[in-house]
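the following comprises the amino acid sequence and a computationally predicted model.
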Amino acid sequence: MQDIQNSPAGVDMSIDRVGVKDLRYPLVVRNKNDGFQNTVAHVDLYVDLPGSFKGTHMSRFIEALQEWSGVLDYYSFKHFLLDVQTRLEARRSHVTFNFPLFLNQEAPISKSRALMEYQCMFSGELEVDNPSMFAGVEVPVMTVCPCSLAISENGAHSQRAVVKINAKFEGLLWLEDLISIAQNSASSPVYGLLKREDEKYVTEQSFANPCFVEDVVRNVGERLQDHEQIQWFKAEVESFESIHNHSAYACIEMDTGSIR
């Protein structure tokens, strides 16, 4: 049968990424404490394409995914990148998984437990034999405004915020560690279940630790900078202000390998 994809392109221009996007697929994620967790991911699979070829072979992406183990860890993911690269006869392969991760969150006083959902990302690029791995999380937190607290006789405005981390790493990096870094960098974590004694504790502790978005992103950045597995990171904090008609935002992007 005629192979149209391998015929010359009408425009001799290389393509950086071509493939399949937003494919839903079951995934097994290794957990730090629980072993494994089953979830469902949105998957993007790409390769580069020289200008001399009209198209890529889309079916080969699906074949690679079907034959992959489906268990997400550093080594299986690296093998998957290599398989995509080999099947598509490409110089570079790119794979991204976006998925929800559910972790048991324990209330501080009652010790009541409830599941919290965190949006996570795992992506990689393989060029020749040089892999680049990235992990990301989105973590809800709570902030109390230091300015509002300082100028008010009673109380201060507080609000939910979200911390987004994208980190390039080598070796073993747990998503739970990134989530913990985000939670410990704000006025308070967000919980799935709080009893009255927990609510009292969280309120008092968060008001004792007021944070601007600038404080939160710097706290995150300092912890990521000190993490031995992290080579580069982008940390973002968006605060959904309770008394303003806008969000407050801060971002730090850093190559940590260059400062060690």
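Looks like it arrived, so ask away.

tally of neighbours for residue 102?
The tally of other residues near residue 102 (other C-beta atoms under 10 Å) stands at 15. Yep, even glycine has a C-beta here, placed from its N, CA and C like the rest.

hmm, it is touching residue 116, no?
Yes. Judged on C-beta atoms under 8 Å, residue 102 makes contact with residue 116 at a distance of 7.0 Å.

that's a strand at residue 254, yeah?
Yes. Residue 254 forms part of a strand when assessed by DSSP: H, G, I helix; E, B strand; the rest coil.

so the residue lying closest to it once chain neighbours are set aside is in which element?
Closest residue to residue 254 apart from its sequence neighbours, by C-beta to C-beta, 6 or more residues apart in numbering: residue 233 at 6.0 Å. The secondary structure element spanning residue 233 is strand 230-240 (assigned by DSSP states H and E).

who does that strand touch, helix- and strand-wise?
Judged by 3 or more C-beta pairs under 8 Å, 6 or more residues apart in numbering; DSSP states H and E, strand 230-240 is in contact with strand 158-169, helix 213-225, strand 247-255.

can I get those in TSV with distance to residue 195, mean pLDDT and mean neighbour count?
Below are the helices and strands packed on strand 230-240 laid out as TSV (distance: least, C-beta to C-beta, whole Å; pLDDT from 0 to 100; neighbours: other C-beta atoms under 10 Å):
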stretch	distance to residue 195	mean pLDDT	mean neighbour count
strand 158-169	19	96	21
helix 213-225	26	97	20
strand 247-255	30	97	15
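
right, and the helix or strand after the longest strand seen in the chain?
Taking DSSP state E as the criterion, the chain has its longest strand at strand 15-31. Downstream of strand 15-31, the next assigned helix or strand under DSSP H and E is strand 35-49.

I'd like the average pLDDT over that following strand.
What strand 35-49 shows for mean pLDDT is 94.

who touches whatever helix or strand comes next after it?
Using DSSP H and E, the helix or strand that follows strand 35-49 towards the C-terminus is helix 58-67. With contacts defined as C-beta atoms under 8 Å, 6 or more residues apart in numbering, helix 58-67 is touched by 19, 20, 23, 25, 43, 45, 80, 83, 84, 87, 88.
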